[in-house]
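Chemist: Could you work out the structure for the sequence below:
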Amino acid sequence: MISVITLPYIAVLNGVTTLLFAMQHTKLWWHSALLPVDSIVIAITLGCSFMMLLGLLFFDKTSLKKGISLLSIIALAAIMMHFVFTVFELATLAWNSTAESKELMHLLFDTFGIWYGMEQLLFIIAFCGYLFGLRKQPVWMVLSSLAVLLAVFVHRMMLTLPAFNMVPLTLPAGTLEGTLWTYPIASGIYQAGQDIFIAFWELHGKHL
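Modeler: All right, here's what the predicted structure looks like:
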């Protein structure tokens with residue numbers, strides 16, 4: 001009963017918070033209409049997994065079997081929706097084929113590829129555990145719930161790291177083909193009368 005009452009608040013809280021992220025034009029990784037919806041889906045997955053974990057660890061498994069079965073079905077549907085949103089997001093970035101989208105894809109699959117792959121793997125493990133675990137042993141349900149908790153933690157990391165490690169604007173570096181210059185670049189030095197951000201770059205005696 002408490003879960004039913006609090007469900008609308010979960011949707012509103014996560015939807016509004018991530019909507020503020022999605023409205024950031026300078027953060028390509030956040031600037032997507034799918035982000036608020038995916039955030040709600042992740043919240044539902046996490047809530048169901050946590051409820052199942054508490055039920056399996058601290059209550060009678062037999063009496064809770066029907067309720068856990070329902071929660072596992074909801075979690076399965078939510079994880080599947082998250083996978084669909086992820087595929088849509090990556091397909092859109094790959095289709096854009098801009099310098100910014102290529103840089104973001106590089107961050108996702110190269111710089112932070114281990115973390116991004118770990119996130120997807122944990123969600124896949126949880127999905128398979130919920131799909132086949134209930135009819136076999138409750139321990140698989142516990143492991144699946146723990147996998148969701150870890151996956152959501154990594155997911156939150158991956159919301160932050162690529163967004164803050166990507167410079168909003170890249171420009172071609174003069175006549176050098178395939179070379180990009182990120183603009184503006186923080187010099188990291190503050191002195192009276194000097195710029196904090198570099199507005200031009202010295203390259204072979206020429207200003208870019």
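
Chemist: Could you check how far Glu103 is from Ala126?
Modeler: Distance of Glu103 to Ala126, computed by Cβ to Cβ, to the nearest Å: 30 Å. In short, each C-beta sits where N, CA and C put it, glycine included.

Chemist: what does Leu161 give?
Modeler: As judged by Cβ to Cβ, Leu161 and Ala126 stand 22 Å apart.

Chemist: quick one, which of the two is more surrounded?
Modeler: Neighbours per residue (other Cβ atoms under 10 Å) separate Leu161 from Ala126, with Ala126 holding more: 27 against 17.

Chemist: which ones are touching the more buried one?
Modeler: Counting by Cβ atoms under 8 Å, 6 or more residues apart in numbering, Ala126 makes contact with 49, 75, 79, 144-145, 147-148, 151.

Chemist: Now that we have those, which of them are buried?
Modeler: 49, 75, 79, 144-145, 147-148, 151 (16 or more other Cβ atoms under 10 Å).

Chemist: Could you list the low-pLDDT ranges of the protein?
Modeler: 1, 3-4, 61-63, 133-137, 167-208 (pLDDT under 70).

Chemist: rerun at 80
Modeler: The model of the chain has pLDDT under 80 over residues 1-8, 10-11, 25-26, 59-67, 99, 133-138, 166-208.

Chemist: mind listing the helices for it?
Modeler: For the chain, helices defined by DSSP state H occupy the ranges 2-22, 34-58, 65-96, 99-106, 113-132, 138-164.
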